[in-house]
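Q: what would the 3D arrangement of this be:
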Amino acid sequence: MPSWDPDIYERYKTYRDRPALDLLLQIPSDLGPKQIWDLGCGTGEHAALLAARHPEAKAHGLDSSPDMLAAARRRAARVEWIQGDISVFAPDIAPDLIYTNAALQWLPDHQTLFPRLAASLAQGGVLACQMPQSFDQPWHRALRDLAAEGPWRSRLEGIRGVRPVADPSQYYDWLSGLCAEIDIWSTTYLHVLEGDDPVVDWMRGTGLRPYLDALPDSVEREAFLEAYRQTIAAAVPTRADGVTLFPFPRLFIIARR
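A: Presented below is the predicted three-dimensional model:
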């Protein structure tokens, strides 16, 4: 998994929080969970919100990044923070709620992953998931194309970046044999970004991480970043009024067992 810088990730906190909170609002109001897991919890804000919303529940936050978890542990939250890999998630006690925001797009084999997560739920439990639908967006296509060119090509071969999200109907098919209620929808958020190279700054908190990790030489890393800046300036240009419009589609899933 790529390294994560909590400060860079939090730079666009308002925009990153919106889909996470929209997902929280759609969790069934009659759910009274005893076991809550936030998979890919990052800096822990949403696990902390879930723990505060359900004070009778045992809340857990799972993430692969020690830096993100260090930030999470600084919260005054009644949450157990655990370093681990979502791909081998196997809780001892069946969860009543699995919440996962902008994490599962990093993992392969969704046709196996989603049924496994749903099967781990307690009866009546809920899987609440949000994933960016960004694989085919210009900023990710430009990143993959750039990685395949230039002097860094050999070092960037085989980098595992974000993966394509499947068609919504496939998630329905994968979950319908296990879940009695399924709600799936997409939303495109039009982010209004300001400043120099805002899309590159956004990507430095997410999709650029595995590529930068693979370029330990600072000169080569800066050359790669500069080439990416130039490509993005053409693909997602800044408007005459100084803002950059950044349309960002996301997929939401609420599935109840």
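
Q: so where do the helices sit in the stretch 51-200 of the chain?
A: 66-73, 110-120, 138-147, 153-156, 168-176, 198-204 (DSSP state H, counting those that start in this stretch).

Q: pretty sure residue 239 is touching residue 198, no?
A: No. Counting by CB atoms under 8 Å, residue 239 does not reach residue 198; the two are 11.7 Å apart. In short, each C-beta sits where N, CA and C put it, glycine included.

Q: more crowded one of these two?
A: residue 198 (20 against 9; other CB atoms under 10 Å).

Q: next, give phi and psi for the residue nearest to that one when sequence neighbours are not counted.
A: Setting aside the residues directly before and after it, residue 198 is nearest to residue 244 in space (CB to CB, 6 or more residues apart in numbering), at 5.2 Å. Main-chain torsions, residue 244, degrees, to the nearest 10: phi -120, psi 120.

Q: surely residue 244 touches residue 196?
A: No. Distance between residue 244 and residue 196: 9.8 Å, which falls outside the contact criterion (CB under 8 Å).

Q: which one's more surrounded, the two?
A: Neighbour totals were compared for residue 244 and residue 196, and residue 244 leads with 20 against 10 (other CB under 10 Å).

Q: quick one: contacts for the more buried one?
A: Residues counted as contacts of residue 244 (CB atoms under 8 Å, 6 or more residues apart in numbering) are 192-194, 198-199, 236-238.

Q: tell me which of those residues fall in strands.
A: Using DSSP state E, the subset of these located in strands is 192-193.

Q: dump the contacts of residue 244 to TSV, plus pLDDT and distance to residue 70.
A: Formatted as TSV, the contacts of residue 244 follow (pLDDT from 0 to 100; distance: CB to CB, whole Å):
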residue	pLDDT	distance to residue 70
192	92	31
193	91	28
194	88	29
198	90	27
199	91	28
236	89	32
237	90	37
238	92	35
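
Q: distance to residue 82 added to the contacts of residue 244, as TSV?
A: Shown next, in TSV, are these (distance: CB to CB, whole Å):
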residue	distance to residue 82
192	36
193	34
194	37
198	33
199	33
236	37
237	43
238	41
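
Q: can you give me the neighbour number for residue 128?
A: Neighbour tally, residue 128, other CB under 10 Å: 23.

Q: that should have said residue 34, apologies.
A: So residue 34, with other CB under 10 Å, has 15 neighbours.

Q: do the same with the one 3 residues further on
A: Taking other CB under 10 Å as the neighbour definition, residue 37 ends up with a count of 28.

Q: with residue 251 instead?
A: Neighbours of residue 251 using other CB under 10 Å come to 21.
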